[in-house]
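**Student:** Just a sequence and a predicted model for now, questions to come.
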2 protein chains.
Amino acid sequence: MDAILDATARVLVRDGYAALTTNAVAVAAGVSIGSLYQYFPNKEALVLALRERHVRHMSALMMREAAFWDAAEQGVPLEALITRTIHVAMVAHRLEPALHKVLALEAAHLEARHEEDGTEGVLRALLERYSRGPDAEVTVPDLDVATFVVGRMAHALIHAAVLDPPPGADPHTLERETVRAVMAYLTA
Amino acid sequence: MDAILDATARVLVRDGYAALTTNAVAVAAGVSIGSLYQYFPNKEALVLALRERHVRHMSALMMREAAFWDAAEQGVPLEALITRTIHVAMVAHRLEPALHKVLALEAAHLEARHEEDGTEGVLRALLERYSRGPDAEVTVPDLDVATFVVGRMAHALIHAAVLDPPPGADPHTLERETVRAVMAYLTA
DNA sequence: CGTAAACATGAGTAAAAGCTCGCATCATAG
DNA sequence: CTATGATGCGAGCTTTTACTCATGTTTACG
């Protein structure tokens, strides 16, 4: 079953979504189509399962690295938190970048909508903490809008930096500038 | 010929890319499949032609509104320019938002890459102007990186604001915050 | 009016691909 | 060893769909 998902990922990356056939997956996995259909009711379920597994892997990696989010309680400067968060997100996106790119670009109609991955909730809570009190670092007028803007901004920049960087660009520079962009917006 | 492209757009928006068949397009256009194939060699060319026409329409609308770009020569403040540019871009994206969304999401593998649409060149030139002289407003360290970051950031926020806004959000607010984000990054 | 070129038609073709189903093989238990 | 259930197999069925082509219709023009 995991072997079938692995094969699906390989075919997707090698040939693209348009050329993804259940027979090709079965061959790549070294099993028969019959067996494939014993585990997945149809092609869509196959790709969906792969996507879910991939999201799970990325989430697991992020959560392992990101226990530090609790530190928000203890006066950690906003910039340190943003820096670390964006770094972790970039590392997670580098897990299987080719697969991630195909899923995001060619299987977008099956891709989970941006809102339902729980990210916005966490982000919103963070912004709320840092916008309270006399020495609040976050100075945006509307927290809901800010959550939306930062979410989209960071997501786009992380994707661009990891999956589609300009030729000859230093990854570290792109990461630093992503942090700068988010920080500048939040504390302008 | 234009009627066929119109029909393609209608079917794309109504049924999505997966359900786009040449026969369905012919029916929607009120012509026979034979006629369709007299104008377009194959299905891909059909969608490509539609995309090109759509990009042309958007570009035309932007260029009409954006003669003001020459004003960069004459000491117009950066913020005014950014505000106007982002406004124009948003208006252009509202031309055929549903079609634009489908093309961007479901036909992404045919979609022109972000780099080849000429936007980056214009943006780069603008940033260069505003980062020169003693009263330079743009204070980023690397112009190439800044072009990349601003391009992706603005593109993502415009798409999000026009095609996928959060429920109950005010379009004007989203536009203002997009300007704020770009300005904050450039002048941080 | 005649001719020819351009355009329109839609039933039909052929290939692709998702999926089924009857049969074989294997694992476990008694 | 035998029985039974679970799992694996892959030829082929069926549907879908991009595309063709022989024929009909309109247009252009002398």
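**Tutor:** Arrived safely, thanks for sending.

**Student:** Just give me the neighbour total for A:Ala45.
**Tutor:** Residues contacting A:Ala45 under the criterion other C-beta atoms under 10 Å in any protein chain shown number 12. The C-beta positions use only the backbone N, C-alpha and C, and glycine is treated the same way.

**Student:** Do any residues in the strand or helix carrying it lie close to chain B?
**Tutor:** Per DSSP states H and E, A:Ala45 falls inside helix A:43-65. No - using C-beta under 8 Å from any C-beta of the partner chain, helix A:43-65 never reaches chain B; the gap is at least 10.2 Å.

**Student:** and that helix, what other elements does it pack with?
**Tutor:** Counting contacts by 3 or more C-beta pairs under 8 Å, 6 or more residues apart in numbering or on different chains; DSSP states H and E, helix A:43-65 is packed against helix A:2-15, helix A:22-29, helix A:78-93, helix A:97-105.

**Student:** Recalculate using a threshold of 7 Å.
**Tutor:** Other helices and strands packing on helix A:43-65, by 3 or more C-beta pairs under 7 Å, 6 or more residues apart in numbering or on different chains; DSSP states H and E, are helix A:2-15, helix A:78-93, helix A:97-105.

**Student:** what about those, which gets the closest to chain B?
**Tutor:** Nearest to chain B, of all those, is helix A:97-105, at 4.6 Å by C-beta to the nearest C-beta.

**Student:** Now look at that closest one and say if it contacts chain B.
**Tutor:** Yes - using C-beta under 7 Å from any C-beta of the partner chain as the criterion, contacts between helix A:97-105 and chain B involve A:Leu105.

**Student:** Kindly format the C-alpha coordinates of that helix as CSV.
**Tutor:** What follows is helix A:97-105, C-alpha atoms only, in CSV (Å, rounded to 0.1, in the frame of the first residue of the first chain):
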residue,chain,number,x,y,z
PRO,A,97,9.9,19.4,-3.5
ALA,A,98,9.3,17.8,-6.9
LEU,A,99,6.2,16.0,-5.6
HIS,A,100,5.0,19.0,-3.8
LYS,A,101,5.4,21.1,-6.9
VAL,A,102,3.4,18.6,-9.0
LEU,A,103,0.7,18.4,-6.4
ALA,A,104,0.4,22.1,-6.1
LEU,A,105,0.6,22.9,-9.9
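
**Student:** Name the surrounding residues that touch the next helix or strand after it.
**Tutor:** Sequence-wise, the next helix or strand downstream of helix A:97-105 (DSSP H and E) is helix A:119-130. The contact list for helix A:119-130 (C-beta atoms under 7 Å, 6 or more residues apart in numbering or on different chains) reads A:72, A:78, A:136-138, A:143, A:146-147, A:150-151.

**Student:** neighbours of the residue of chain A found nearest DNA strand D, just the number please.
**Tutor:** The minimum distance from chain A to DNA strand D, using C-beta to the nearest atom of the strand, falls at A:Gly34 (2.1 Å). For A:Gly34, the count of nearby residues is 8 (other C-beta under 10 Å).

**Student:** if you average pLDDT over stretch A:24-40, what comes out?
**Tutor:** Stretch A:24-40 carries an average pLDDT of 97.

**Student:** Is that stretch positioned near DNA strand C?
**Tutor:** Yes - contact between stretch A:24-40 and DNA strand C, assessed by C-beta under 7 Å from any atom of the strand, occurs at A:33-34, A:37.

**Student:** can you tell me which residues contact the most centrally placed residue in chain A?
**Tutor:** In chain A, the centroid-proximal residue (C-alpha atoms, centre = their mean) is A:His93; its distance is 5.8 Å. A:His93 makes contact with A:100, A:158, A:162, according to C-beta under 7 Å, 6+ apart.

**Student:** hmm, 10 Å instead?
**Tutor:** A:58, A:61-62, A:100-101, A:104, A:155, A:158-159, A:161-163 (C-beta atoms under 10 Å, 6 or more residues apart in numbering or on different chains).

**Student:** Just after the helix or strand of chain A with the lowest mean pLDDT, pick out the following helix or strand.
**Tutor:** None of the helices or strands of chain A scores lower by mean pLDDT, DSSP states H and E than helix A:119-130, at a mean of 91. Remark: after helix A:119-130, the chain's next helix or strand is helix A:143-163, criterion DSSP H and E.

**Student:** related to what we said a few turns ago, helix or strand for the residue of chain A closest to DNA strand D, which one?
**Tutor:** Per DSSP H and E: helix A:33-39 holds A:Gly34.
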